[in-house]
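*Asks:* can't give you the sequence, but here's the structure:
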């Protein structure tokens, strides 16, 4: 499949499934919707405000690549940043514009491709992308673009999925692979739908894929695609710390941090895990690999 055909599939998937929208149970685009999305994000991913330190960017030019539903976007703007956000999907840009209007805040928001940013060199103080660039075909090119538009001395912060994590080896490649065998059976999609809440139509498509080509379905690459952000996701990738640093080869300083041990992915005991244990465990086996570079 060509890169452009793959991007078209990626655009269509995320246009239909804006990231985080499933965590709100009210009308999409309403103030209550955005409030619920924000509450869920910072309750489960409480490390994000800690990592970004929103007040530190007051008066600074911030670019976010892949703004999703605008939760971090609005936090930057509330703190006084000069915020610019892009997304591959028109739906996300439409919703984020609505959110900024609701809060009477301003931002430069546009549909654009992470691999070919529509900005001049040396423009931004911070370039930021959270959970996005592992979904684009040429991740290395996208990170080079973040470097290009960053001012000398500026900072880039990117979160990619972490390969050496509990979620990759334990949840996805062990428990989910065992559970996916249920889809072989006629009643499998309905059962998985009731247990996980995954879209029934998408599960039936997966059942068809599984029956047609079990070998491809259970390959590491394809299984990862289908078990990160919902059935039907065309592309997902994982990276080690070293691979993350290699992607940042153009930067003068590079550091990495691992965060986010989502407790709902830990059978039985996860919901009882206190933050005092969750935090140190997430820094060892977390799903989110943060790569931080200086230009």
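*Replies:* Here it is on my side, so go on. Keep in mind that what you see is a predicted model, and the values were worked out from it rather than measured.

*Asks:* what's the model's confidence in stretch 252-269, averaged?
*Replies:* Averaging pLDDT along stretch 252-269 yields 86.

*Asks:* just how off-centre is it within its chain?
*Replies:* Remark: stretch 252-269 is offset 13 Å from the chain centroid, using C-alpha atoms, centre = their mean, to the nearest Å.

*Asks:* how long is it end to end?
*Replies:* 42 Å (C-alpha to C-alpha, to the nearest Å).

*Asks:* and that stretch, which residues are buried?
*Replies:* Counting neighbours by 16 or more other C-beta atoms under 10 Å, one finds that the buried residues in stretch 252-269 are 254, 256, 257, 258, 259, 260, 261, 262, 263, 266. In this view, the C-beta of every residue, glycine as well, is placed from N, C-alpha and C.

*Asks:* wasn't the second one part of a helix?
*Replies:* No - going by DSSP: H, G, I helix; E, B strand; the rest coil, the assignment for residue 256 is strand, not a helix.

*Asks:* what about the residue nearest to residue 291 when sequence neighbours are not counted, distance to residue 278?
*Replies:* Closest residue to residue 291 in three dimensions, ignoring its sequence neighbours and counting by C-beta to C-beta, 6 or more residues apart in numbering: residue 244, at 4.3 Å. To residue 278, residue 244 is 22 Å away according to C-beta to C-beta, to the nearest Å.

*Asks:* please say which of these two ends up with more neighbours.
*Replies:* residue 244 (24 against 18; other C-beta atoms under 10 Å).

*Asks:* ok, now which ones touch residue 183?
*Replies:* 189, 192, 203, 206, 207, 210 (C-beta atoms under 8 Å, 6 or more residues apart in numbering).

*Asks:* kindly recompute the last result at 10 Å.
*Replies:* Listed by C-beta atoms under 10 Å, 6 or more residues apart in numbering, the contact partners of residue 183 are 189, 191-192, 203-204, 206-211, 217, 231.

*Asks:* from those, which single one is nearest residue 127?
*Replies:* residue 231 (31.3 Å; C-beta to C-beta).

*Asks:* correct me, but the closest one touches residue 205?
*Replies:* Yes - in terms of C-beta atoms under 10 Å, residue 231 counts as a neighbour of residue 205; the distance is 7.1 Å.

*Asks:* so which residues of the stretch 51-200 of the chain form helices?
*Replies:* 71-78, 90-102, 139-148, 166, 177-180, 188-196, 200-212 (DSSP state H, counting those that start in this stretch).

*Asks:* list the helices and strands the helix or strand hosting the residue nearest to residue 291 packs on?
*Replies:* Per DSSP states H and E, residue 244 falls inside helix 241-247. On a contact count with 3 or more C-beta pairs under 10 Å, 6 or more residues apart in numbering; DSSP states H and E, helix 241-247 meets helix 139-148, strand 150-161, strand 253-259, strand 288-294.

*Asks:* returning to that earlier point: report the contact partners of the residue nearest to residue 291.
*Replies:* Residue 244 neighbours (C-beta under 10 Å, 6+ apart): 139, 143, 158-160, 162-163, 254, 256, 258, 289-293.

*Asks:* cool, residue 41 as well?
*Replies:* By C-beta under 10 Å, 6+ apart, the neighbours of residue 41 are 19, 20, 23, 48, 49, 68, 69, 71, 72, 75, 130.

*Asks:* sitting in strands, which of these do you find?
*Replies:* residue 130 (DSSP state E).

*Asks:* no further queries at this time; thank you.
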